[in-house]
Structures are given as C-alpha cells and as structure tokens.
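> prediction below, plus the sequence it came from.
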Amino acid sequence: MNILVINAGSSSLKYQLMNPDTGDVTAKGLCERIGLDGRLTHKVPATGKKVEKDIPMPTHKEAIEAVMAILVDPVDGVIKSVDEIDAVGHRVLHGGDKFVASCLIDDACKQAIRDCIPLGPLHNPANLMGIEACEKAMPGKPQVAVFDTAFHMTMPPKAYRYAIPTKWYTEEHLRRYGFHGTSHRYVSARAAAMLGKPIEELKLISCHLGNGSSLSAVKDGKCQDTSMGLSPLAGVPMGTRSGDIDACVVQFIMNKYGMTADECLTMLNKKSGVLALSNGVSSDFRDLEAGAAKGDEACRLALDKFCYEVRKYIGAYAAALGGLDCLVFTAGVGENGPANRAAICAGLEFLGVKLDPERNNVRGREVRISTDDSKVQVWVIPTNEELMIAQDTAELVKAAQ
Ligand code: AMP
C-alpha cells in the first residue's frame, strides 16, 4: 500500500508517501510560507534527490495541489498517477474527549474536529484545511484522522481532571488532554518489542523531548498520565514554552503591563522556556550546550532547569505507576542529546536507573543506554509518528473495504 501522510500546520504542510508495512518512505517534503508566497522542498530518499521550487500557495489547497503535481511529475515524481495513492492519513492535533482512536474521515468526523477548534485554536483549523484540500485534490480517496490526544484518553479521572469548578469541566471540557500521543504510542510499543515483553506487563515512562516536550506514564500499554494539559503549554519547560507555572503569573503580568490574556499567553508560548531562561540566546538545545560550554551561566541554567524538571516528572510518574521497568527517550533532544540524558538520569539511581556512559554516547539510533545490571532499562528510540499514522490509516481503510 502507498499511504500519503499529511501534517498540516497554519503556514506549512509536511508530507510523506510511505509503505505502512515496511516503513519505507518513497518521497517526503515540506510546503512552507502558505498564505505568503509558497515554497516546496521535495526529497526522494532512495536517490537522495532534493528539489526546491517557489510555487504560489495562497491556501492549503494550492499546497496540496503542488504536492500532488510533484509526486506524479515525470522527472521528479515517484508515482505515475494519483491512483497509486491508496489513502491519506492526517495528523490532527486535538480530538477533545471525542476520539479515543484514529478514525475514517467523514462529515461527522470533520464536524467533531471543527467542534474541537476552541480547544486547539492554532492547529485544528489548519488540520481541517489539509483534509479539505485533499478532498478537493483527490475526490473519493479514503482519509483517516490520527489525533495527538487519542493515546491519552485512557487516563483515569484523577489524572485528567483539574481541581477547578466542575461546571468548567462538564460544560467547557476543561481537562488534561495531553499531546504527542502518536509518538508516545509508537515508542512505548517499540520499547516493549525491544524488551521482548508484552506491553501489558510493563510500567514505562516515555520522554518526548524536542522543541515541544512531554512525558507519559504508561502501564498495561495504556497512558495513565501525561505532562501536557488542555494545551501543549503545560508540563516541562520547552524551547519557547514556559511549561507549568502558577496561574497568578498571568494575572500579575496582565495587571502590571496592561497585557491582554492572549498577549500574555503568546509570551508564555513563544517567548518563554529555555529561550527565556538563556536570556534570548536560543530555543535550540545545541546552541544552549555551546553557550554553556563557553561559560554562559544563563545557558547553563536553562539546561539545568530543563533536565531538573524532566527528572522530577520521571520521579512523579514512577510513583504514579508504582514502579518502573523502562525509561524511553525520543524526539530531537531525547534522541540526540547524550549530555541532557545523562543529566536527567543523574540522581535516579535510587529508582534503579543506571546509565552506561559509553552506550549513552549515541545519537538518533535505537539503542539501550542503561548498564546490563540496571533494574530499569533505559532506551533511545527514534520516534516515527508518520509510520504510526500510515499504519493506522492502512488498518482502518482495509477494515472498511
Ligand atoms: P524536535 O522538535 O523533535 O524536532 O526537536 C528539535 C530540537 O532537538 C532542536 O531544537 C534541538 O534543540 C534538538 N536537537 C536536534 N539535534 C540535536 C543534537 N544533535 N544535539 C542536541 N540537540 C539536538
């Protein structure tokens, strides 16, 4: 099967054409600057070919048309006709509490995604635009929505409810949802396979640490708790997001600087996190490591704070799970940051976590980085959200045939 995986953002759209059984990627690329001018970058992994083109993209519709055109292009393309695409899988940010799993897209599904716009105002409109652009470009092609929130829908009420007035939950649906669910699901399943145990017998914590970061506590293959909340702002400090803070900070800043709530939230989403702690040096952990190595105290603090908060969540989740068999690191920092992994795990020996410094000196590969006698197995597992989306899509489409 050929599955086209689409990840539509507000001004960008990523795509991969892949085989869901082998994980082989036939082509992948990125449309950028949608709504401004438009730029397409297209890659063919098998040949190493890379094509860059300026193409007008006033909306997502033109972006999808550009993707379709390059996929079937006689010179740069990888398929002869759009008929060779069996189905399309879309990453959708927020499924609210309506979606506990991926689903075939029909009018009711689209309406439910639309209903979740108040919960995911930045992403769900773009996700819908991607879906509707594909409908126009490939009428009748089966499409599947894969939600970032779905994996977390197994959380018990004590984990997902906020201690706020009940009406805010029952009427406004304000609760912890969690994100990066497709990534947490993928690495949890891979970890179980690596340990050679059924996932139902494991207590594990997956640490998705990238520009956005979240941790999940997984038991019996089900998410028990996760660090992001109603929105991706909550949890550990991130590239530009503050992570957990006292809500009174918002009130204080609004009063002091005459900011609106939206302005204040923009600061917490886009100008905070390690970017703010490093006094504006960077949101990129590579820059922070370079800064810290040169003696920049603010960069050092940003890294220390990040690792400290991740370690605290691991401790909390080990307590929530009543033990720990496996700790998994994934995403940009989790896969590529040996120093950060070492700093996070330092002090977790009491839990039975023992890193092997040599094994930990790895980037972007699936490797066990704990010692042979470590009670908790620690793994680096590169995430592959696109493969999960492609597999869910293939499964649902086959079941519907
Ligand atoms: P992601 O959001 O998963 O793409 O992760 C992006 C972040 O991963 C970047 O902002 C970097 O901070 C971090 N990252 C990527 N590669 C490396 C690396 N080789 N060493 C340290 N951090 C890295």
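Sure thing, it's come through. Numbers count the residues shown, from 1 in each chain.
> residue 232: neighbour count?
Per other C-beta atoms under 10 Å, the neighbour tally for residue 232 reads 24. The way it works is simple: take the backbone N, C-alpha and C, and place the C-beta from them, glycine included.
> no wait, residue 56
Residue 56: 10 neighbours (other C-beta under 10 Å).
> how about it, phi and psi?
phi -60, psi 130 (degrees, to the nearest 10).
> how about the nearest residue to it, chain neighbours excluded?
Nearest residue to residue 56, sequence neighbours excluded (C-beta to C-beta, 6 or more residues apart in numbering): residue 38, at 5.1 Å.
> the one you found contacts residue 63, doesn't it?
Yes - proximity of residue 38 to residue 63 meets the contact threshold set by C-beta atoms under 8 Å, at 7.0 Å.
> joint contacts of the two?
31, 57 (C-beta atoms under 8 Å, 6 or more residues apart in numbering).
> still on that earlier bit, ok, now which ones touch the residue nearest to residue 56?
Counting by C-beta under 8 Å, 6+ apart, residue 38 makes contact with 31, 32, 54, 55, 56, 57, 58, 62, 63, 66.
> against residue 304, how distant is the residue in the stretch 51-200 of the chain positioned nearest to the ligand?
Using C-beta to the nearest ligand atom, the closest approach of the stretch 51-200 of the chain to the ligand is made by residue 183 at 8.8 Å. Going from residue 183 to residue 304 by C-beta to C-beta, to the nearest Å gives 25 Å.
> with residue 271 instead?
For residue 271, the distance to residue 304 - C-beta to C-beta - is 20 Å.
> thinking again about what came up before, the more surrounded of residue 183 and residue 304?
Shown here are residue 183 and residue 304; by other C-beta under 10 Å, residue 183 has more neighbours (24 against 13).
> can you list contacts of stretch 139-146?
If you take C-beta under 8 Å, 6+ apart as the criterion, stretch 139-146 is touched by 82, 85-92, 95, 99, 102-105, 109, 113, 127, 131, 134-135, 182, 388-389, 392-393, 396-397, 400.
> buried among those residues? Make that a PyMOL selection.
To isolate in PyMOL the members of the contacts of stretch 139-146 that are buried, counting by 16 or more other C-beta atoms under 10 Å, one can use:
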select buried, resi 85+86+87+88+89+90+91+92+95+99+102+103+105+109+113+127+131+134+135+182+388+389+392+393+396+397
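> roughly how far does the residue lying closest to residue 104 once chain neighbours are set aside sit from residue 110?
Spatial nearest neighbour of residue 104, chain neighbours left out: residue 396 (5.3 Å); criterion: C-beta to C-beta, 6+ apart. According to C-beta to C-beta, residue 396 and residue 110 sit 15 Å apart.
> need the nearest residue in space to the closest residue to the ligand within the chain, chain neighbours excluded.
Going by C-beta to the nearest ligand atom, the ligand is nearest to residue 332 of the chain, at 2.0 Å. Of all residues not flanking residue 332 in the chain, residue 210 sits nearest, at 4.0 Å (C-beta to C-beta, 6+ apart).
> contact partners for the one you found?
Contacts of residue 210 were listed using C-beta under 8 Å, 6+ apart, and they are 239, 331, 332, 333, 334.
> for the ligand, what are the nearby residues on this protein?
By C-beta under 6 Å from any ligand atom, the residues of the chain that approach the ligand are 210, 211, 239, 284, 285, 286, 331, 332, 333, 336, 337, 363.
> picking up where we left off before, and the contacts of residue 210, which is closest to residue 201?
Set against residue 201, the nearest of those by C-beta to C-beta is residue 334 (23.8 Å).
> what strand or helix carries the closest one?
Taking DSSP states H and E as the definition, residue 334 sits inside helix 331-336.
> what pLDDT is listed against the residue nearest to residue 268 when sequence neighbours are not counted?
Spatial nearest neighbour of residue 268, chain neighbours left out: residue 242 (4.6 Å); criterion: C-beta to C-beta, 6+ apart. On the pLDDT scale, residue 242 is placed at 98.
> mind checking the SS state of residue 242?
What DSSP: H, G, I helix; E, B strand; the rest coil gives for residue 242 is coil.
> wait, it sits on residue 273?
Yes - at 6.0 Å, residue 242 and residue 273 qualify as touching, with contact defined as C-beta under 8 Å.
> more neighbours, these two?
Shown here are residue 242 and residue 273; by other C-beta under 10 Å, residue 273 has more neighbours (26 against 21).
> wait, what's in contact with the more buried one?
237, 238, 239, 240, 241, 242, 243, 283 are the contacts of residue 273 under C-beta under 8 Å, 6+ apart.
> what do you get for residue 311?
Residue 311 touches 344, 345, 346, 347, 348, counting by C-beta under 8 Å, 6+ apart.
> neighbour-wise, which of the residues you listed leads?
residue 344 (28 neighbours).
> can you point out the buried residues in whichever helix or strand that residue is part of?
Assessed by DSSP H and E, residue 344 sits inside helix 338-345. For helix 338-345, burial by neighbour count (16+ other C-beta under 10 Å) applies to 338, 340, 341, 343, 344, 345.
> contacting residues around the residue most central in space within the chain?
With distances taken as C-alpha atoms, centre = their mean, the residue of the chain nearest its centroid is residue 180 (3.4 Å). Neighbour list for residue 180: 148, 208, 212, 214, 216, 228, 331 [criterion: C-beta under 8 Å, 6+ apart].
> among those residues, name the ones in strands.
Cross-referencing the contacts of residue 180 against strands under DSSP state E gives 208, 214, 216.
> got TSV for those, with neighbour count and pLDDT too?
Listed next are the ones in strands among the contacts of residue 180 as TSV, based on neighbours: other C-beta atoms under 10 Å; pLDDT from 0 to 100:
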residue	neighbour count	pLDDT
208	30	98
214	29	98
216	30	98
